[in-house]
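Participant: sequence unknown, structure follows:
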Ligand code: SF4
């Protein structure tokens, strides 16, 4: 596990790391998270049910609709844990806000940790998969810009790559706005990420460019959230494939590195590596021939895609 002052911290449901904290004393270790992504990040594990005092083993709980509210009820005993779980979650999220997290991986389907489509039972009726775990709800409400995903969705290569890209972008934005920052450092950041931002949302890139021009005296939270929205936009065409990411950012990276070598402290802050995207791709063993063939296909697709983006941007300029 990576650690140290510059390590990337990601919160995680403890059972995904193999900790035996589930209601039956088991775990749900996820090998991609522990063996691959875990080499590059520092995990901050949280088990809301154990930390809020429910013990191991414990009766399993589920979400039950009660009027406009959703309650967390123990299946066997009927004990209502809603109040204690909500109070615990508020406090725990407040503590997590101080830990400089860059992302969070939640356990799917859990009445505590599930991010979406968690079963909610009508009293005495059938469940609907429309709920969110109580801890996940407090986390997402309390840290709305934080990149959050479930381990199940991370099995999808596109979602996994997008999550890792958002984690690294979020971290770089936080670094940029930590302490004192200048319009010059914002301009350098904007330039270094130009094509990456354009690949997600060309219009937002142009709007952000105007914002950078007016940034002096602006609130840093407002600036940061505008960038994060550009990366997170649900209408966004998604992350660029790896070869194009390099193609798109190579020139900017070279300029930033040259300035860093020449002694610019601002440029040194902006030097980045593509580790996030590489980790996102490390999920199985494949023949080198297949990997190279896919890279060539992706290169051709993405050159076409970039040409279309440039054309659209020029038309909109
Ligand atoms: S899903 Fe969440 S509450 Fe349940 S065992 Fe895992 S970490 Fe604990």
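Facilitator: Nice, thanks for sending it over. Not measured: the values here are computed from a predicted model.

Participant: Does the ligand have contacts with stretch 13-28?
Facilitator: Yes. Applying CB under 6 Å from any ligand atom, one finds stretch 13-28 in contact with the ligand at 13-15, 21-22. Where you see a C-beta, it was placed from the backbone N, CA and C, and this is true even at glycine.

Participant: of all these, which comes closest to residue 131?
Facilitator: Relative to residue 131, the closest of the residues of stretch 13-28 next to the ligand is residue 13; by CB to CB it sits at 16.1 Å.

Participant: which regions of the stretch 101-250 of the chain sit below the pLDDT cut-off?
Facilitator: 179, 181, 195-206, 214-218, 220, 227, 230-250 (pLDDT under 70).

Participant: give me that answer again for 50
Facilitator: 242-243 (pLDDT under 50).

Participant: all strands of the stretch 51-200 of the chain, in order?
Facilitator: In the stretch 51-200 of the chain, the segments counted as strands under DSSP state E, counting those that start in this stretch are 61-66, 69-74, 101-106, 118-121, 127-131, 148-150.

Participant: could these go into a markdown table alongside distance to residue 92 and mean neighbour count?
Facilitator: Below are these laid out as a markdown table (distance: least, CB to CB, whole Å; neighbours: other CB atoms under 10 Å):
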| stretch | distance to residue 92 | mean neighbour count |
| --- | --- | --- |
| strand 61-66 | 17 | 20 |
| strand 69-74 | 15 | 18 |
| strand 101-106 | 12 | 25 |
| strand 118-121 | 18 | 20 |
| strand 127-131 | 20 | 15 |
| strand 148-150 | 15 | 22 |
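
Participant: any chance of these in JSON lines, with distance to the ligand too?
Facilitator: Shown next, in JSON lines, are these (distance: least, CB to the nearest ligand atom, whole Å):
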{"stretch": "strand 61-66", "distance to the ligand": "9"}
{"stretch": "strand 69-74", "distance to the ligand": "11"}
{"stretch": "strand 101-106", "distance to the ligand": "8"}
{"stretch": "strand 118-121", "distance to the ligand": "10"}
{"stretch": "strand 127-131", "distance to the ligand": "14"}
{"stretch": "strand 148-150", "distance to the ligand": "10"}
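
Participant: Perfect, I'm done here.
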